[in-house]
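>>> Next comes the sequence, and after it the predicted model I'd like to discuss.
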Number of protein chains: 2
Amino acid sequence: MMIDLELVPKQKRPAGQPCCEPVVYPDVEREHAVRMAQVAKALGDPVRVQLVDVLRKHAGKVCVCELVPLFDLSQPTVSHHLKVLRDAGIVGSERRGLWAYYFVIPEALKELSAWLM
Amino acid sequence: MMIDLELVPKQKRPAGQPCCEPVVYPDVEREHAVRMAQVAKALGDPVRVQLVDVLRKHAGKVCVCELVPLFDLSQPTVSHHLKVLRDAGIVGSERRGLWAYYFVIPEALKELSAWLM
DNA sequence: GTTATCCATTGACAAACATCACTTCAATCG
DNA sequence: CGATTGAAGTGATGTTTGTCAATGGATAAC
């Protein structure tokens, strides 16, 4: 982990003055940060990461009843995780008769991925 | 949002049989999912997303005292968020006298970004 | 030494979260 | 119709999280 730091050696400020100039922070980032955090938060659980992973590999072909046995969780809990992903815009769902099929919405992941790089 | 679904229409199963074959799930994904979730979870707060954003733009040049005024938060709270990022391996810190400098560890973000695509 | 400054830690609290057992809803089959 | 099935919703519970006030620790200036 070699990071070139270019540290700016600071000196103790004269009493009564602020330690340093605050870095200016564009307000534009604000809403973007909120959105990125929303997506990241939804992915902040191993179960949901795996759900996304499975859905990505079987887009549109997986119903909830196939997902449940993959995790040592009750069906309502899996449904809950799917809802979290849905609320974050990461997955969508479609109902066909008794079955609900889930699929990943690639744009959501792409947006976060882009910000990360 | 046009997703090609290729739904597999299922028929109601004969009584007593499972609804469908569970999708096989390689156990290799497990630990990877845990790691991805760990990073994502740490990014699951707008403040921390903004912290990473600022640190990325000023690598190695930002001390905590510069970060605090950017957020309408107390210094301990900012310290807490930095610790969360540090525990997730997203940022590192270096102490120089009174000041603590934080910097982003790009690999952590890159790993998540790669998985997302 | 004493004092001031930067930062981390602790303790406390409300809010949010993950989970399950139970229930409800919708659709299918007989 | 009634019975059954897949999935979502509810309520409850224990855990985690975000936040701050207060404190502690280390370093620099005096």
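Right, received. Where do you want to start? Residues are numbered from 1 along each chain as shown, chains lettered A, B, ... in the order given.

>>> near DNA strand D, which residues of chain A show up?
Residues of chain A found near DNA strand D (Cβ under 7 Å from any atom of the strand) are A:11-12, A:14, A:63-65, A:68, A:75-76, A:79-80, A:82-83, A:93, A:98-100. All C-beta atoms are positioned from the backbone trio N, CA, C, and that covers glycine.

>>> and chain B, which of those reach it?
Filtering the residues of chain A next to DNA strand D for neighbours of chain B using Cβ under 8 Å from any Cβ of the partner chain leaves A:Lys12, A:Cys63, A:Cys65, A:Leu98, A:Trp99.

>>> Could you count how many residues lie near the second one?
Read that as A:Cys63. 22 (other Cβ atoms under 10 Å in any protein chain shown).

>>> one step back: weed out the non-buried ones from the residues of chain A next to DNA strand D.
Buried residues within the residues of chain A next to DNA strand D, counting neighbours by 16 or more other Cβ atoms under 10 Å in any protein chain shown: A:Cys63, A:Val64, A:Cys65, A:Val68, A:Leu82, A:Trp99, A:Ala100.

>>> Can you name every helix or strand that the lengthiest helix in chain A contacts?
When chain A is parsed with DSSP state H, its longest helix is helix A:28-42. Here helix A:28-42 touches helix A:75-87, helix A:106-116, helix B:28-42, helix B:46-57, going by 3 or more Cβ pairs under 8 Å, 6 or more residues apart in numbering or on different chains; DSSP states H and E.

>>> most packed of those helices?
helix B:46-57 (a mean of 21; mean count of other Cβ atoms under 10 Å in any protein chain shown).

>>> Tell me where the model's unsure across chain A.
A:1-26, A:60 (pLDDT under 70).

>>> Now do the residue nearest the centre of it against A:Ser79, distance only.
Note on chain A: the residue nearest the mean C-alpha position is A:Ala40, at 2.0 Å, using Cα atoms, centre = their mean. According to Cβ to Cβ, to the nearest Å, A:Ala40 and A:Ser79 sit 22 Å apart.
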